[in-house]
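> give me coordinates for this.
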Amino acid sequence: MPNSYFALLDMAIVGVPTILFVVWQLVSINREIARDKAKKAERDESPERAGHPVGEHRLNDR
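As a prediction, the model looks like this:
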């Protein structure tokens, strides 16, 4: 087997797992960013909540 085949095999053994790891990290980071955006959007668009802390006023405080 010529030396060039060993070089290709060595690059494949190192390169393929490296490329897979990079793709996995990109997908993981994109998912985390999407989750953070969804949490922020949920937190920002919640007008149904009270404008004050719960329990600040008594129920018969009219």
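> tell me how far L26 lies from P2.
Applying Cβ to Cβ, to the nearest Å, one obtains 36 Å for the distance of L26 from P2. The C-beta positions use only the backbone N, C-alpha and C, and glycine is treated the same way.
> typo on my end, W24
For W24, the distance to P2 - Cβ to Cβ - is 33 Å.
> more neighbours, the two?
W24 (10 against 7; other Cβ atoms under 10 Å).
> so which strand or helix has that one?
Counting by DSSP states H and E, the element that carries W24 is helix 3-44.
> any weak-confidence spans in this protein?
Within the chain, the ranges that satisfy pLDDT under 70 run 1, 46-62.
> spatially central residue in it, please.
With distances taken as Cα atoms, centre = their mean, the chain has E32 as the residue nearest its mean C-alpha position (0.9 Å).
> where's that residue relative to V23, distance?
Distance from E32 to V23, counting by Cβ to Cβ: 15 Å.
> likewise for R43?
Following Cβ to Cβ, the distance that separates R43 from V23 is 31 Å.
> for A38, same thing?
A38 sits at a distance of 23 Å from V23 (criterion: Cβ to Cβ).
> same question, L8
Distance check for L8 against V23: by Cβ to Cβ, it reads 21 Å.
> check P2 too.
Distance, P2 to V23, by Cβ to Cβ: 31 Å.
> repeat for K37
Between K37 and V23 the distance, using Cβ to Cβ, works out to 21 Å.
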